[in-house]
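J.: Pasting a predicted model and its sequence here:
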Amino acid sequence: RMNLRVDHICRVLHLTLNRPDKRNALNAEMCSHIAEAIASAQNNQDVGSILISSAGQVFCAGMDLDEAVGPVGADLAEVHEKLFTTGANSLKPIVVCVNGPALGGGLGLVAQGHAVIAAEGAVFGLTEMRLGLWPFLVYRSVETALGARRTLELSLTARVFSTQDALQWGLV
């Protein structure tokens, strides 16, 4: 599980996105490991909370586009569904620490947090439209976090927003 470091410290399950060379892009394996780790924590009495952070300068640049080229199988769709509904389904609080850009699927992961802490200078955005793609994987969870009109505007414009905006909008 090199792509995801999992540490259990005291009562905190600490998940660290660990693909800094790929800007912590979410590939199928990483998505699956995150979803599995959060699911297994649900009935573990030794876990009081879940902390998600990342190695490197980028929190998460979104989905791994090298994988996105091929056909999306039913298994991958199921993994994405599990991952991007963890916040709504988790019995344990999820805390997300954002140290740098959280774009596309990265913003979808941030939206899973019950509490989000972001470094000054971190940026957020649904930038899929720059590639001619719609952010369908993360749209619902981001809409829940930011509201319908703001999510639509961000999806259509692919505009990147600041930590200050995220704070004003209640994301962090």
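T.: Received the coordinates, thanks. Residues are numbered from 1 along each chain as shown.

J.: Return the alpha-carbon coordinates of stretch 22-38 using CSV.
T.: The C-alpha trace of stretch 22-38 is given here as CSV (Å, rounded to 0.1, in the frame of the first residue of the first chain):
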residue,chain,number,x,y,z
LYS,A,22,2.0,12.0,-9.4
ARG,A,23,0.6,15.0,-7.4
ASN,A,24,-1.3,12.5,-5.3
ALA,A,25,-3.6,11.7,-8.2
LEU,A,26,-6.3,9.2,-7.3
ASN,A,27,-5.8,5.9,-9.1
ALA,A,28,-8.2,2.9,-8.7
GLU,A,29,-5.9,1.2,-6.2
MET,A,30,-5.6,4.3,-4.0
CYS,A,31,-9.4,5.0,-4.1
SER,A,32,-10.0,1.4,-3.1
HIS,A,33,-7.5,1.5,-0.2
ILE,A,34,-9.0,4.8,1.1
ALA,A,35,-12.5,3.4,1.0
GLU,A,36,-11.5,0.1,2.6
ALA,A,37,-9.6,1.8,5.4
ILE,A,38,-12.5,4.1,6.2
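
J.: can you pull out the strands in the chain?
T.: Assigned by DSSP state E, the strands in the chain fall at 4-9, 12-17, 49-54, 94-98, 102-103, 115-118, 123-125, 160-162.

J.: and among those strands, the most buried is which?
T.: strand 102-103 (a mean of 29; mean count of other C-beta atoms under 10 Å). C-beta coordinates here come from the backbone N, C-alpha and C atoms, glycine included.

J.: hmm, back to that, would you mind putting the strands of the chain into TSV with mean pLDDT alongside?
T.: Converted to TSV, the strands of the chain look like this (pLDDT from 0 to 100):
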stretch	mean pLDDT
strand 4-9	97
strand 12-17	98
strand 49-54	98
strand 94-98	98
strand 102-103	98
strand 115-118	98
strand 123-125	98
strand 160-162	98
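
J.: Now render the ones you listed as TSV, adding distance to E143.
T.: As requested, these are exported to TSV (distance: least, C-beta to C-beta, whole Å):
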stretch	distance to E143
strand 4-9	26
strand 12-17	23
strand 49-54	20
strand 94-98	17
strand 102-103	16
strand 115-118	16
strand 123-125	14
strand 160-162	15
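
J.: With respect to L137, which of those lies nearest?
T.: Closest to L137 of the strands of the chain is strand 102-103 (C-beta to C-beta; 12.8 Å).

J.: helices or strands next to that closest one in the packing?
T.: strand 123-125 (3 or more C-beta pairs under 8 Å, 6 or more residues apart in numbering; DSSP states H and E).

J.: how about a cut-off of 7 Å?
T.: On a contact count with 3 or more C-beta pairs under 7 Å, 6 or more residues apart in numbering; DSSP states H and E, strand 102-103 meets no helix or strand.
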